[in-house]
Structures are given as structure tokens and as C-alpha cells.
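> Provide a 3D model corresponding to the input given below.
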Amino acid sequence: MKYYIIAGERSGDLHGSNLIKEIKKLDHQASFRGFGGDYMKAEGFDLVVHYEEMAFMGFTALVTNAFTIAQKIKQCKKDIAVYQPGVIILIDYGGFNRRIAKFGKENGIKVFYYIVPKVWAWYTSRAWELKRNVDRMFVILPFEKEFFKKYGMDVDYVGNPVLDAIKKFQPDPDFLTKNSISPAKKIVALLPGSRKAELKRMVPVMAEIAKANPDYQFVVAAVKTLPGELYAPLQAISSVKFVYDTTYDLLKHAEAALVTSGTATLETGLFKVPQVVLYTAGSAEYVLLKKLVKVKYISLVNLIADKLVIREMIQDDMNFTSVNAELEKILKDHAYRDEMLSAYDKIYQTLDTGSASENAAKLMVNYLR
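Numbers count the residues shown, from 1 in each chain. Sure thing, here's the model as predicted:
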């Protein structure tokens, strides 16, 4: 069977690679092509376009890069038509992949969606569009199954691939030594994100916090492929350490974390690290989001728990005074930490339903057969 897979971000690339690995165990004739990244390529994936060419974040970036996005969509459709796959597997990346889903449906190609767009958070009407254009959906959050049932869709909950990755993780016993990190000081992990727009907004606040707390060891989970100047405010602080592409090792040793809203909040929670979630957007973008967003929380930890487990510092609340006060609380208030850690344990149990990539691969291959 020919599989055409589209992942438009780093996390999608990782989860796509694990899915490919599992499909190959079940379908020995499988071949894979599409849009993705290095993880997928390492599994024998024929990479047409790297996700780094399409990593645009925020309303403004999408508008200014509209022509580039349109060209990539056109290229993708043309490549699918030539490749003639038996199925298109879409991984997250909603704005792009919803258009490809429609193209697949119109051309009689089966369409599977693994890690579906967060239509439960905003643009809920797009659930109808997914119903029209997608043959099967494989969801990774427990509450998504109930959400899509309201729209007459029977979707498969397969577990969460983030938990899969954490279970497979093998810590580096020499991590602290290799990175000259002192085990004598409490480590605070700084996870500013993986996109340029995120770093421009998060790094200055994180730098203020690091300067104000010399008793702690601040370590940045940095991304090699991003320009170094984006980290400049943190690089200017001699005590701040940087580690590259070893976020899980950092979380394994961290006492607390400041985390940009996204998948990293769930990863931090599953590593049982007390955290503060940060998020800010441009003024116009934030006004628009306020009107569109339909959920009480922005972090996956709080959404899965369906209650406020970790504080979310959004927009004006994301300032030095508020963030610093919450960091002090999660570091020093033992009862507060214990309550957070207990909630993390419950979330882990909720998500622990076996391997998501293995479950998804078995279902996909069976549906295709």
C-alpha cells in the first residue's frame, strides 16, 4: 500500500515517524511519501517538502506568507495526483491539511486524520467539514471522542503519542556533566517554544525571571535550527545554560519549569514537573482569539484534567511580577506542589491506554484491508 503522509510541524514529524514504524510491522509492502521532517525521513519516508518550509505561526504570519502556503498546497495536490496513494494520512496542521482532506475526498482517495485539529477549541463548525472530507479520525485526547459524537462521528481514541515518546525515552546519565549544569542548585527549565514568534515574545520575560533568581539554575531547552539571536536576552546572562534538542533530559532533572503553551505543557506534566504556562499574542490577534476560543483553558494539562491544575499566564498576566510570584510558589509551597503532582498522576493514568502509534497503525491497516 502507498501511504501519503503530511506533518507540518516538529511534533507531527516525531509522531509520524512512530506511526510509520508501526505500519511497516503490519504492512510489509508499505511505501511512504509526503511532507514531514527528519524523523520521518529516518524511517524510510520519501520527503517531498520539509516542515521547516511551512512553519508559520499566528494570524499575521499566515497572512504575510499566504502565497507561499498556497504554493505548497498546490505542490502537495500535484504530488498526490502523481503518486496515487491508497490513503492520505494527515497529522495535525489543520489549516493546510483540511484543504488536502477535501482534495483527497474529491479525488476518491481515502483520507485518515491522526491527531485532529483542535476544532473543539475554536471554529467548532469545522467539525462538519471534517465529517464531509475525512473517512476515519484517530484522536489523542479522551474528551475528543465525546465532542465528535455530537456531530454524528464515531472516532477512534488511540491514546496519546506524547506519552509514548516519554515511555520510550532513555535518560542520558551524563546529561548534567556534559552541559556543565550544577546538581547543587535547583534547576528551572525554560521552554520558550520552537517558533520564531514564540521566542520573540517569551524570551524577554524569561530573561527577567532568570536575572531576578540567582539562587536557581536556569536552563533553556533551545532549538538548533532557530537563529541564535532570538535567545539573545538569555544568552546575555552568564549563569543561564543552554541545551539543544534534549528537552526530555532537562525535564528529568528540573524542579520547575516556565513553558510556552503547546504540547510542551503536557510533556512537562507527564514528567511530573510543576510549571507555569505562558502565552501572549499580538493585540489584534488576541482580540480575535478571545472571540473564537470556546474552551476554559489553553494548556492540555488543564483541558485533560478539566480543572485548573497549573496557572496560565495569558497576555497581560504574562509579566515579570505575576510569573515570578507563581514560580516562587511552585518551588517553595510544598502543599501546592503536591496537589499539582497528584493531578499529574491522574492525567498520566487517563492517557495510559497503550501505544498510540501502535493502536492507530493497527486500526488504519485493518480499515484499509
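
> Look at the closest residue to residue 8 other than its chain neighbours and say how many residues are nearby.
Counting by CB to CB, 6 or more residues apart in numbering, residue 8 lies nearest to residue 93, which is 3.3 Å off, once chain neighbours are set aside. Every C-beta, even on glycine, is put in place using the N, C-alpha and C of the backbone. For residue 93, the tally of surrounding residues (other CB atoms under 10 Å) stands at 21.

> What separation is there between residue 93 and residue 223?
Separation of residue 93 from residue 223 (CB to CB, to the nearest Å) stands at 18 Å.

> Contacts only, for the residue nearest to residue 8.
6, 7, 8, 9, 12, 54 (CB atoms under 8 Å, 6 or more residues apart in numbering).

> Redo the residues you listed as CSV? Include distance to residue 66.
Putting those into CSV (distance: CB to CB, whole Å) gives the following:
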residue, distance to residue 66
6, 19
7, 21
8, 15
9, 18
12, 21
54, 12
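
> how about those in JSON lines, adding secondary structure?
Listed next are these as JSON lines, based on DSSP: H, G, I helix; E, B strand; the rest coil:
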{"residue": "6", "secondary structure": "strand"}
{"residue": "7", "secondary structure": "strand"}
{"residue": "8", "secondary structure": "coil"}
{"residue": "9", "secondary structure": "coil"}
{"residue": "12", "secondary structure": "helix"}
{"residue": "54", "secondary structure": "helix"}
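
> In terms of distance to residue 97, which of the residues you listed ranks first?
Using CB to CB, the shortest approach to residue 97 within the contacts of residue 93 belongs to residue 6, at 5.7 Å.

> Could you find the closest non-adjacent residue to that closest one?
Nearest one to residue 6, counting by CB to CB, 6+ apart, is residue 35 at 4.6 Å.

> For the one you found, report the pLDDT, please.
On pLDDT, residue 35 comes in at 97.

> SS state for it?
strand.

> could you list every residue that touches it?
With contacts taken as CB under 8 Å, 6+ apart, residue 35 has the following neighbours: 5, 6, 7, 8, 47, 48, 49, 50, 51, 54, 72, 76.

> Apply 7 Å and report the result again.
Each residue near residue 35 by CB atoms under 7 Å, 6 or more residues apart in numbering is listed here: 6, 7, 8, 48, 49, 51, 76.

> Roughly how far does the third one sit from residue 98?
Which is residue 8. With CB to CB as the criterion, residue 8 and residue 98 are 12 Å apart.

> neighbour count winner among the two?
Counting neighbours by other CB under 10 Å for residue 8 and for residue 98 shows that residue 8 has the greater number, 27 against 20.

> The more buried one against residue 95, yeah?
No - with contact defined as CB atoms under 7 Å, residue 8 does not reach residue 95; the gap is 8.7 Å.

> so what's in contact with the two at the same time?
Common neighbours of residue 8 and residue 95, using CB under 7 Å, 6+ apart, do not exist here.

> Could you check which helix or strand contains residue 238?
Under the assignment given by DSSP states H and E, residue 238 is not contained in any helix or strand.

> From residue 16, how far off is it?
In this view, residue 238 and residue 16 are 39 Å apart by CB to CB.

> Which residue of the two possesses the greater neighbour count?
The residue with more neighbours, out of residue 238 and residue 16, is residue 16; 30 against 6, by other CB under 10 Å.

> got the contact list for the nearest residue in space to the more buried one that is not next to it in sequence?
Here the nearest residue to residue 16 in space, its sequence neighbours aside, is residue 7; by CB to CB, 6+ apart that works out to 4.3 Å. Going by CB under 7 Å, 6+ apart, residue 7 touches 13, 16, 35, 36, 37, 40, 51, 91, 93.
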